[in-house]
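Asker: Okay, here's the prediction I keep looking at, along with the sequence it came from:
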Amino acid sequence: MRINGVFEGGGVKGIALAGAVQACEEAGCVFHRVAGTSSGSIVASLLAAGYTGEEMGTIIRQTSFRSFLRRAPIFNTALLGPALRVMLKKGLYSGEALEAWIRGILRKKGVVTFRDLPKDRLRIIASDISDGRLVVLPDGLRAYGIDPDAFEVAKAVRISCSIPYFFDPVVLRRSGDAAKGRSFADQLVYMVDGGLLSNFPIWLFEGVEEDGGSIPPVGFQMVGRPEPAAHRIRGPFSMLQAMVGTMLSAHDERYIEQEKRMHTVKVPTLGIRTVQFELTSEESSALYAAGYEAGAAFFRGWRYPC
């Protein structure tokens, strides 16, 4: 059966989504169109490029997520270094390492830009904090005078994964008619994590009719919040860390109508935090296994139409 898959964002917890994908494929489902936010955009982009859930599991086991946390040595100076970087760069880490990682993986399947994918195969959620609006990539780029087909998929994924203050925002520049009459500063657009505005965009595929029939949307949503961590506020930087940590852990679960809940795989995250990048191999494997088990249980009992 063909389905349209939607993947929720959740930082490193997204490892569990890959396990659920493998279970979905083993149940005989084929992903037609896919969409995702933040770490969900990583899973969606790999599926769009032709990776299987099992292949994602192999990639995950070979990846050190701590390697994504790169910054110049000068910004590692105790206390002042990280705070100075946030002031100058607007993030604790650049996000370039994450972008390079996903770029290399996609290129192995011959995917660089959205032109390399079937039309409308992949959609990625981003937040434009300059104009204050949600953007669905790649088509939403037309509003900025940017050619959607020529835009790099890895860049779109990085944008959607740019957790505010944790990773640098991605700056795009308006072009053509979108830039006319604007100063240079006003031509710049700051893009961050899509989860700021829509962390679980299952609405993207509501009521989609193709080839004379309805293709069901199936959402993959992460559940199980970690225990709240206490924050000791010592100054502006520790206050910033506390604010970001609270925002990520206390993100409200969006209301999902009962009908949509019947098409949503609830993927447990075992208490892992969104930015817990120092995962052990055992924790990574446990997340993947938890996702697989949740997916297998869901598809054993799921029938469409419900």
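Answerer: Done, it's in.

Asker: Quick check: P169 touching S162?
Answerer: Yes. Using C-beta atoms under 8 Å, P169 is in contact with S162, at 5.7 Å. Where C-beta positions appear, they are placed from N, C-alpha and C, glycine not excepted.

Asker: which of these two has more neighbours?
Answerer: Comparing P169 with S162 by other C-beta atoms under 10 Å, the one with more neighbours is S162, at 29 against 22.

Asker: Would you check how far apart that one and G11 are?
Answerer: Distance, S162 to G11, by C-beta to C-beta, to the nearest Å: 12 Å.

Asker: what about this protein, any weak spots by pLDDT?
Answerer: 73-76, 78-79, 207-209, 211-212, 225-262, 304-306 (pLDDT under 70).

Asker: Measure how buried V112 is and give me the count.
Answerer: There are 15 residues near V112, going by other C-beta under 10 Å.

Asker: can you tell me which residues contact it?
Answerer: V112 sits next to 103, 106, 152-154 when contact means C-beta atoms under 8 Å, 6 or more residues apart in numbering.

Asker: which one among those residues gets closest to Y144?
Answerer: Closest approach between the contacts of V112 and Y144, by C-beta to C-beta: E152, at 14.8 Å.

Asker: Please list all residues in contact with the closest residue to the closest one other than its chain neighbours.
Answerer: Spatially, and ignoring its direct neighbours in sequence, E152 is nearest to T113 (5.5 Å; C-beta to C-beta, 6 or more residues apart in numbering). Applying C-beta under 8 Å, 6+ apart to T113 gives the contacts 149-153.

Asker: hmm, 10 Å instead?
Answerer: T113 is in contact with 106, 138, 147-156, counting by C-beta atoms under 10 Å, 6 or more residues apart in numbering.

Asker: Just the ones in helices from the residues you listed, please.
Answerer: 106, 153-156 (DSSP state H).

Asker: Please enumerate the shared neighbours of P169 and S162.
Answerer: Common contacts of P169 and S162 (C-beta under 10 Å, 6+ apart): 90-91, 95, 127, 190-193.

Asker: and the residue nearest the centre of the chain, what does it touch?
Answerer: Compute the mean C-alpha point of the chain, and by C-alpha atoms, centre = their mean the closest residue is S38, 1.7 Å away. Each residue near S38 by C-beta under 10 Å, 6+ apart is listed here: 7-11, 13-14, 124-126, 157, 159-163, 192-196, 199, 274.

Asker: let's go with 7 Å and repeat that
Answerer: With contacts defined as C-beta atoms under 7 Å, 6 or more residues apart in numbering, S38 is in contact with 9-11, 160-161, 193-195.

Asker: In JSON lines: these, plus secondary structure.
Answerer: As requested, the contacts of S38 are exported to JSON lines (DSSP: H, G, I helix; E, B strand; the rest coil):
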{"residue": "G9", "secondary structure": "coil"}
{"residue": "G10", "secondary structure": "coil"}
{"residue": "G11", "secondary structure": "helix"}
{"residue": "S160", "secondary structure": "helix"}
{"residue": "C161", "secondary structure": "coil"}
{"residue": "D193", "secondary structure": "strand"}
{"residue": "G194", "secondary structure": "helix"}
{"residue": "G195", "secondary structure": "helix"}
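
Asker: Closest one of those residues to T280?
Answerer: Comparing the contacts of S38 against T280 with C-beta to C-beta places G11 closest, at 15.9 Å.

Asker: Now that closest one: closest residue in space, sequence neighbours ignored.
Answerer: Distances taken as C-beta to C-beta, 6+ apart place T274 nearest to G11, at 3.3 Å, with adjacent residues excluded.

Asker: Which residues are in contact with the one you found?
Answerer: Neighbouring residues of T274 by C-beta under 7 Å, 6+ apart: 10-13, 248.

Asker: Quickly note the distance from the closest residue to K155 other than its chain neighbours to G213.
Answerer: With sequence-adjacent residues excluded and distances taken as C-beta to C-beta, 6+ apart, K155 is closest to E99, at 6.5 Å. Noted for E99: a distance of 37 Å to G213, by C-beta to C-beta.

Asker: just R303 next, same as before
Answerer: For R303 relative to G213 (C-beta to C-beta), the value is 16 Å.

Asker: and if you look at E55?
Answerer: Counting by C-beta to C-beta, the gap from E55 to G213 is 29 Å.

Asker: what about these two, which has more around it?
Answerer: Taking neighbours as other C-beta under 10 Å, E55 and G213 compare with E55 leading, 17 against 7.

Asker: can you tell me which helix or strand that one belongs to?
Answerer: helix 53-61 (DSSP states H and E).
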